[in-house]
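# pasted the sequence and its predicted model underneath.
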Amino acid sequence: MPQIEIVETRQVEVTHLKAECGVRYWEDATVDGVEDSEGTLIPCRSGRDWSPVIELATGQIKDWPEGKTAKIHYKICDDGRYALLDAFGSEVVSITGYVPKIMCPGGSGYGDYVIMNIDGSGKIEGWHPDLSPFAPSSED
(Lines give C-alpha, C1' and ligand atoms only; values in the text may rest on other atoms or scores of the structure.)
Protein backbone atom coordinates (compact mmCIF):
# COMPACT_ATOMS: atom_id res chain seq x y z
CA MET A 1 0.00 0.00 0.00
CA PRO A 2 1.52 3.42 -0.94
CA GLN A 3 2.29 5.88 1.88
CA ILE A 4 3.05 9.58 2.11
CA GLU A 5 4.59 11.65 4.87
CA ILE A 6 2.44 14.46 6.29
CA VAL A 7 4.13 17.33 8.10
CA GLU A 8 2.03 19.15 10.69
CA THR A 9 2.62 22.65 11.99
CA ARG A 10 1.79 23.45 15.61
CA GLN A 11 2.46 26.22 18.11
CA VAL A 12 5.00 25.34 20.82
CA GLU A 13 6.03 27.56 23.71
CA VAL A 14 9.80 27.99 23.81
CA THR A 15 11.67 29.39 26.80
CA HIS A 16 15.40 29.15 26.09
CA LEU A 17 18.00 29.34 23.35
CA LYS A 18 20.92 26.94 23.52
CA ALA A 19 23.88 28.08 21.42
CA GLU A 20 26.93 26.06 20.43
CA CYS A 21 29.33 28.55 18.89
CA GLY A 22 32.62 27.36 17.39
CA VAL A 23 34.83 30.26 18.47
CA ARG A 24 37.77 31.01 16.17
CA TYR A 25 39.58 33.52 18.38
CA TRP A 26 38.98 33.49 22.13
CA GLU A 27 40.94 36.71 22.54
CA ASP A 28 38.00 38.55 20.93
CA ALA A 29 36.37 38.79 24.36
CA THR A 30 37.13 40.51 27.62
CA VAL A 31 35.97 39.07 30.92
CA ASP A 32 35.89 41.45 33.88
CA GLY A 33 37.89 43.87 31.72
CA VAL A 34 40.69 41.37 30.97
CA GLU A 35 41.41 39.98 27.48
CA ASP A 36 40.51 36.28 27.50
CA SER A 37 43.38 35.22 25.22
CA GLU A 38 43.00 31.47 25.85
CA GLY A 39 39.25 31.32 26.48
CA THR A 40 39.82 30.23 30.06
CA LEU A 41 37.94 33.12 31.71
CA ILE A 42 34.62 33.01 29.85
CA PRO A 43 31.78 31.11 31.53
CA CYS A 44 29.83 28.56 29.44
CA ARG A 45 32.81 27.24 27.51
CA SER A 46 32.49 23.63 26.45
CA GLY A 47 35.58 22.34 24.68
CA ARG A 48 36.16 24.51 21.62
CA ASP A 49 32.63 25.98 21.77
CA TRP A 50 31.01 28.78 23.69
CA SER A 51 27.68 27.21 24.71
CA PRO A 52 25.38 29.49 26.70
CA VAL A 53 21.74 28.66 27.47
CA ILE A 54 19.80 31.93 27.34
CA GLU A 55 16.34 32.63 28.74
CA LEU A 56 14.41 34.09 25.81
CA ALA A 57 12.15 36.42 27.81
CA THR A 58 14.94 38.16 29.72
CA GLY A 59 18.30 37.51 28.05
CA GLN A 60 19.57 35.90 31.26
CA ILE A 61 22.35 33.35 30.71
CA LYS A 62 21.78 30.21 32.76
CA ASP A 63 24.42 29.50 35.43
CA TRP A 64 26.30 32.75 34.79
CA PRO A 65 28.54 33.53 37.80
CA GLU A 66 27.28 36.50 39.83
CA GLY A 67 29.41 39.63 39.37
CA LYS A 68 31.22 38.46 36.22
CA THR A 69 30.98 40.73 33.15
CA ALA A 70 31.94 40.08 29.55
CA LYS A 71 32.22 41.88 26.23
CA ILE A 72 32.08 39.35 23.41
CA HIS A 73 32.92 39.77 19.74
CA TYR A 74 33.50 36.15 18.68
CA LYS A 75 34.00 35.20 15.05
CA ILE A 76 31.89 32.10 14.40
CA CYS A 77 31.07 32.25 10.66
CA ASP A 78 29.11 29.12 9.82
CA ASP A 79 30.33 27.03 12.77
CA GLY A 80 27.32 27.32 15.05
CA ARG A 81 24.24 25.44 16.15
CA TYR A 82 21.31 27.22 17.77
CA ALA A 83 18.36 25.38 19.34
CA LEU A 84 15.12 26.57 20.91
CA LEU A 85 14.14 24.65 24.04
CA ASP A 86 10.77 24.21 25.71
CA ALA A 87 10.13 24.63 29.45
CA PHE A 88 11.32 21.05 30.06
CA GLY A 89 14.65 21.67 28.29
CA SER A 90 13.68 19.57 25.26
CA GLU A 91 14.84 20.77 21.88
CA VAL A 92 11.97 22.01 19.71
CA VAL A 93 13.80 23.26 16.61
CA SER A 94 17.38 24.06 15.65
CA ILE A 95 19.34 25.83 12.95
CA THR A 96 22.98 25.52 11.97
CA GLY A 97 25.41 27.64 10.07
CA TYR A 98 25.45 31.41 10.13
CA VAL A 99 25.03 33.36 13.36
CA PRO A 100 21.40 34.52 13.76
CA LYS A 101 20.75 38.16 14.67
CA ILE A 102 19.49 37.11 18.11
CA MET A 103 23.15 36.40 19.00
CA CYS A 104 24.41 39.89 18.18
CA PRO A 105 22.41 42.51 20.09
CA GLY A 106 25.64 44.47 20.58
CA GLY A 107 26.10 45.27 16.88
CA SER A 108 25.74 43.98 13.37
CA GLY A 109 27.20 40.48 13.27
CA TYR A 110 26.73 40.01 9.50
CA GLY A 111 26.01 36.32 10.10
CA ASP A 112 29.62 35.78 11.18
CA TYR A 113 29.92 37.22 14.69
CA VAL A 114 28.43 36.86 18.16
CA ILE A 115 28.47 40.38 19.58
CA MET A 116 27.13 41.02 23.07
CA ASN A 117 27.81 42.61 26.42
CA ILE A 118 26.88 40.62 29.51
CA ASP A 119 26.39 42.40 32.82
CA GLY A 120 27.29 41.21 36.31
CA SER A 121 23.95 39.46 36.74
CA GLY A 122 24.39 37.44 33.53
CA LYS A 123 21.93 39.46 31.44
CA ILE A 124 22.70 40.30 27.84
CA GLU A 125 22.43 44.04 27.22
CA GLY A 126 19.95 45.05 24.51
CA TRP A 127 18.48 41.54 24.26
CA HIS A 128 15.66 41.22 21.69
CA PRO A 129 14.49 37.63 21.03
CA ASP A 130 13.96 37.56 17.25
CA LEU A 131 12.94 33.96 16.53
CA SER A 132 12.24 34.45 12.81
CA PRO A 133 15.31 32.44 11.69
CA PHE A 134 13.77 29.38 13.38
CA ALA A 135 10.44 29.60 11.54
CA PRO A 136 9.96 27.33 8.53
CA SER A 137 10.42 29.20 5.29
CA SER A 138 7.59 29.58 2.81
CA GLU A 139 9.73 27.61 0.31
CA ASP A 140 9.50 24.41 2.38
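Here it is on my side, so go on.
# in a helix, residue 102, correct?
Yes - secondary structure of residue 102 (DSSP: H, G, I helix; E, B strand; the rest coil): part of a helix.
# and it, how many neighbours does it have?
25 (other C-beta atoms under 10 Å). No exception for glycine: its C-beta is placed from N, CA and C like everyone else's.
# separation between the spatially closest residue to residue 25 that is not a sequence neighbour and residue 133?
Using C-beta to C-beta, 6 or more residues apart in numbering and skipping the chain neighbours, the partner closest in space to residue 25 is residue 75 (5.9 Å). Distance of residue 75 to residue 133, computed by C-beta to C-beta, to the nearest Å: 19 Å.
# contact partners for the nearest residue to residue 69 once chain neighbours are set aside?
In space, and not counting its chain neighbours, residue 69 is closest to residue 120: 5.3 Å by C-beta to C-beta, 6+ apart. Going by C-beta atoms under 8 Å, 6 or more residues apart in numbering, residue 120 touches 66, 67, 68, 69.
# narrow those residues to those in strands?
When DSSP state E defines the strands, the subset of the contacts of residue 120 inside them is empty.
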